[in-house]
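S.K.: Below is the structure, and that's it, no one-letter string:
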């Protein structure tokens with residue numbers, strides 16, 4: 001079997017934005033126009049194709065990223081529709097890790113919203129090229145230019161309009177294509193029907209000015225075109241498209257289009273832009289990883305079918321029909337059914353029994369897939385999110401995906417003891433799916449504690465236990481996942497001298513603990529030379545010290561942001577053992593922590609409250625009562641946006657209070673900011 005579509009005709013893209021900006025609606029329209037769907041679903045009716053979970057249909061939000069494939073003008077487009085709610089940011093992170101390009105969706109009324117900023121900065125980290133689509137141009141208050149300005153001021157982006165709207169709000173008729181200098185008028189009854197017409201007289205001057213701005217932005221990143229432009233030469237359409245594509249691929253420019261997905265306006269033009277400006281796997285080039293035997297040595301794989309196979313497992317889910325599914329992005333080589341591949345990080349072999357191409361929750365079996373494809377493999381036993389799969393003879397370890405740590409705990413229990421084992425099995429399967437979810441048994445109370453990144457996150461998981469796994473559960477009130485750290489440097493001495501089974505064991509070290517930078521976690525530094533303490537024993541010291549620092553002395557919570565430093569050691573070549581040095585380091589680290597003014601740390605969230613102006617005072621007073629620090633107030637049309645930093649422990653039940661004091665007219669979003677000393 002050979003490729004049906006050349007690799008340069010493949011696009012792996014995501015659609016990302018704030019909640020309710022229209023991501024899922026846009027995906028529905030794309031699937032309709034590309035022939036995957038014969039009838040468009042609606043989010044508000046619970047019929048959206050990619051929102052197939054019961055919880056998604058009920059709430060009208062996307063919870064899990066859904067992968068779909070479609071074709072447009074001889075190109076294959078693999079799309080991942082990602083969630084917009086902050087509690088499901090992990091779904092966006094893992095999607096961005098394997099995508100080549102992205103559509104950033106913005107609401108024409110609200111502009112750049114908090115979660116839009118979060119996912120935009122995540123895309124910056126993964127260096128994903130983006131085009132932007134300003135949706136909901138038909139809504140009252142739509143303002144295309146304001147969205148462009150917000151992209152510049154809030155995102156630090158360089159948006160370049162390649163379309164301008166023809167009217168707005170109820171008068172939104174179409175768009176002006178600035179590259180081809182022609183107008184596109186959409187049918188008012190069915191926006192999928194459009195005609196190409198001359199630019200209306202009232203828009204000619206604005207279109208010429210907008211095209212001039214676009215051309216100037218494009219030629220600035222192409223020296224040869226800049227010289228010709230400054231010399232007064234005309235740049236033709238093909239040259240503009242080529243230069244704009246190059247600038248987009250290198251993230252110098254973000255082309256911006258506009259339309260209204262709900263009214264079917266502008267989606268076909270958006271698909272054309274995906275093909276014209278977003279990268280294929282060939283444009284992305286070689287994938288970088290590490291040599292298995294020497295992690296410091298870099299390895300690469302080209303996006304070629306005849307290269308050794310390599311792929312990254314970026315998502316695991318439980319399908320009610322085929323069981324455990326592992327989604328894999330193939331970076332190089334060819335994968336066939338029946339092949340045996342190596343899980344590189346875990347050094348385990350997996351057999352590929354089936355290969356599926358997923359369209360949301362629908363499946364198509366394939367015999368062979370190639371570089372650039374995104375597929376699902378059922379039945380992999382050992383593979384988890386972030387694991388690398390590769391040919392056993394040519395292993396490569398790709399960069400894993402980094403996820404946010406859980407910050408909220410909840411006790412959970414089954415209604416009958418007979419369900420206890422089924423609960424543990426279901427929780428393990430959920431943890432396999434969701435890298436931001438954890439569970440453990442409290443050694444003091446014997447309760448099972450689940451941990452997640454937000455109240456909604458845990459609420460959805462408890463609901464899934466009941467519906468999908470048929471395990472009815474009761475949950476306690478949410479609890480904050482505190483952490484501990486040290487506030488000052490201190491040293492500790494540890495010694496282990498024993499005779500075990502007739503052999504002397506000796507280890508003696510001094511370990512200093514110091515406050516580390518926020519977000520750095522636990523780190524170790526060796527200030528001794530190889531002569532003072534040979535490397536194998538220094539590694540044992542590191543292992544013992546970091547193990548001792550996992551649990552804090554204040555209340556037994558995990559410790560964060562501490563640097564452990566080996567400052568002194570005694571070495572006896574005859575009696576020294578690695579075990580003795582590990583134990584000595586553990587003793588020294590614990591003593592140092594007790595002296596270093598340990599303190600409790602709590603998660604602090606950045607809260608953005610969007611409220612009518614008359615309720616600003618009440619909102620600020622309530623946030624202050626919750627020990628929040630007001631960071632700023634901004635105007636957004638007739639609304640005010642209050643930004644504050646608030647301890648998570650004070651935010652439980654906030655939505656009910658906010659609705660009460662604003663008569664239901666305010667909304668809020670929150671995202672984890674950092675850990676700070678606990679306020680209680």
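M.R.: Right, received. Where do you want to start? Here the structure is a predicted model, which is why all the values come from computation and not from measurement. Numbering: from 1, shown residues only.

S.K.: Helices along the stretch 1-150 of the chain, start to end?
M.R.: 23-33, 54-59, 89-98, 114-125, 144-155 (DSSP state H, counting those that start in this stretch).

S.K.: scratch that, the stretch 201-350 of the chain is what I was asking about
M.R.: With helices called from DSSP H, counting those that start in this stretch, the stretch 201-350 of the chain shows them at 201-219, 223-230, 237-249, 267-277, 281-284.

S.K.: Residue 326: which of those is closest?
M.R.: Nearest to residue 326, of all the helices of the stretch 201-350 of the chain, is helix 281-284, at 20.0 Å by Cβ to Cβ. (C-beta placed from N, C-alpha, C; glycine too.)

S.K.: Average pLDDT for the closest one, rounded please.
M.R.: Averaged over helix 281-284, pLDDT sits at 92.

S.K.: Same check on stretch 451-464?
M.R.: Here the average pLDDT along stretch 451-464 is 81.

S.K.: ditto for stretch 144-151
M.R.: 93.

S.K.: Same question for stretch 469-479.
M.R.: Taken as a whole, stretch 469-479 has an average pLDDT of 84.

S.K.: Burial check on the residue nearest to residue 363 when sequence neighbours are not counted, number of neighbours?
M.R.: Spatially, and ignoring its direct neighbours in sequence, residue 363 is nearest to residue 356 (4.6 Å; Cβ to Cβ, 6 or more residues apart in numbering). With neighbours defined by other Cβ atoms under 10 Å, the count for residue 356 comes to 19.

S.K.: Helix or strand next in line after the helix or strand residue 356 falls within, which one?
M.R.: Taking DSSP states H and E as the definition, residue 356 sits inside strand 355-359. Where DSSP H and E defines the elements, the next helix or strand beyond strand 355-359 is strand 362-366.

S.K.: Dig out what residue 485 forms beta bridges with.
M.R.: Per DSSP bridges, the residues bridged to residue 485 are residue 599.

S.K.: what's the pLDDT at it?
M.R.: For residue 485, the model assigns a pLDDT of 93.

S.K.: just residue 503 next, same as before
M.R.: On the pLDDT scale, residue 503 is placed at 83.

S.K.: Low-confidence regions, the stretch 401-550 of the chain specifically.
M.R.: Within the stretch 401-550 of the chain, the segments meeting pLDDT under 70 span 404, 444-445.

S.K.: quick one: contacts of stretch 212-219?
M.R.: Outside of stretch 212-219, the residues within contact range by Cβ atoms under 8 Å, 6 or more residues apart in numbering are 158, 160-162, 178-179, 225-226, 228-229, 235, 240, 243-244, 247, 253.

S.K.: which stretches of this protein have low pLDDT?
M.R.: Applying pLDDT under 70 to the chain flags the ranges 1-2, 37-66, 81-91, 93-94, 319-322, 359-362, 404, 444-445, 637, 680.

S.K.: The same query, at a cut-off of 50, please.
M.R.: Across the chain, the ranges flagged by pLDDT under 50 are 41-65, 84-87, 360.

S.K.: Give me the sheet partners of whichever helix or strand residue 644 is part of and which way each runs.
M.R.: For residue 644, the enclosing helix or strand under DSSP H and E is strand 639-647. Applying DSSP bridges, strand 639-647 is found paired with strand 598-612 (antiparallel), strand 629-636 (antiparallel).
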